[in-house]
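Student: This is a predicted model, with the sequence first.
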Amino acid sequence: NIFAGTDSGVFLTTNNGITWTAINSGLSSNYRYISSLAVRGSYIFAGTDSGVFLSTNNGTSWNAVNSGLTSLNTSSLAVIGNNIFTGTYNGLFLSTNNGINWTAANSGLPISLGSFDKSYITSLTAIGNNIFAGSLPGGVFLSTNTGVSWTAVNSGITNTFIHSLAVSGNTIFAGSGGGNNEGGIFLSIN
């Protein structure tokens, strides 16, 4: 199964993309912009502009799991071990119980609660126990303690408008763009 998040909801293909089927039962009909998807075992999480939704039946139906979120505008999701992280316009949140409850995990992040013109979390990834958060316009941040605290790791990054992060082995890539500087791709091997 391959899932795709679009601005019209979630789609599923079971034949390597030859055909796609919309699977949006339970997703808000007015807000089906899917910013991110994450899978943990048989749990599928969808980050939307109206919160985080969970499917436990391969996308046949979805239920909102937003208790504790102070912003429903979610921009990123990541499953790291038994933890699920979601980045929102009001900071980063952590769930240890498959989205039933969320708690803020913002210590050290440049978050201004309630303001869209401040930094927000655009992407999440991990290498082992090291969790990376890309933010706009704050750059890349690292947590080595499951999101309890974060430290900026922007040495060499000339544009801190981070839109995406990716990992290949022990290498991390950061995609940037916007603001007053030209964007590009940055690479770290340490």
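Tutor: Yep, it's here.

Student: List the buried residues for stretch 120-136?
Tutor: 120-126, 131-136 (16 or more other C-beta atoms under 10 Å). Yep, even glycine has a C-beta here, placed from its N, CA and C like the rest.

Student: from the middle of its chain, how far away would it be?
Tutor: The chain centroid and the centroid of stretch 120-136 are separated by 8 Å under C-alpha atoms, centre = their mean, to the nearest Å.

Student: And the contacts of it?
Tutor: Residues from elsewhere that reach stretch 120-136 (C-beta atoms under 8 Å, 6 or more residues apart in numbering): 75-78, 80, 85, 87-92, 109-111, 119, 140-144, 146-147, 150, 153, 160-167, 170, 172, 174, 178.

Student: What about the residues you listed, which are in strands?
Tutor: In this view, those that belong to strands under DSSP state E are 75-78, 80, 85, 87-88, 91-92, 140-143, 162-167, 172, 174.

Student: about what we covered before: name only those of the contacts of stretch 120-136 that count as buried.
Tutor: 75-78, 80, 85, 87-92, 109-111, 119, 140-143, 146-147, 150, 153, 160-163, 165, 172, 174.

Student: Show me what the residue nearest the centre of the chain is bridged to.
Tutor: Computing the C-alpha centroid of the chain and ranking residues by C-alpha atoms, centre = their mean puts Ser76 first, at 1.5 Å. According to DSSP bridges, the partner residues bridging Ser76 are Gly87.
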